[in-house]
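**Q** can't give you the sequence, but here's the structure:
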């Protein structure tokens, strides 16, 4: 073997080192990795089992829902038939009452709108008077008495 460039002691040392490394890796790396993979496999198996249970529950719930919907539809048809019979008798009375109520609501809304409009106009006038008075004070200064200022203010507001 020495003619091939292989030294026996060195080869034996490398084999021992390899076996030691293989043993250490087996203890500290292989077992935890295998345990982790086993835990993962178990988790996946449990997840698949839970998914099958959920799928079965979902199918049962869908079946129950379809049955309930069919029953509700049938009951609704019966109720609608009965209601249409009653509604034809009460239709005219209800329409008249609704018309009266809508007329009252419209009148109340128009009245409230008018009151709001009047209030807004009053507030706007107050604001305009205040602004014009302030502008007049700035322009003219204190040379006018209150009566003259009031006359000029109302004149300016009428022009606006």
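**A** That came in fine, so what should we check first? Because the structure is a prediction, the values reported are computed rather than measured.
**Q** In three-state terms, label residue 42 for me.
**A** Here residue 42 is recorded as helix under DSSP: H, G, I helix; E, B strand; the rest coil.
**Q** What about residue 150, how many residues nearby?
**A** With neighbours defined by other CB atoms under 10 Å, the count for residue 150 comes to 14. For glycine as for every other residue, the C-beta is placed from the backbone atoms N, C-alpha and C.
**Q** Quick check: most distant residue from the centroid of this protein.
**A** residue 3 (82.0 Å; CA atoms, centre = their mean).
**Q** any idea how far that one lies from residue 85?
**A** Note on residue 3: its distance to residue 85, by CB to CB, to the nearest Å, is 114 Å.
**Q** Report the contact partners of residue 32.
**A** Shown in contact with residue 32 (CB atoms under 8 Å, 6 or more residues apart in numbering): no residues.
**Q** From the chain's centroid, how far away is the helix or strand hosting it?
**A** Assigned by DSSP states H and E, residue 32 belongs to helix 31-140. Computed by CA atoms, centre = their mean, to the nearest Å, the separation of helix 31-140 from the middle of its chain amounts to 13 Å.
**Q** Nice, that's everything, thank you.
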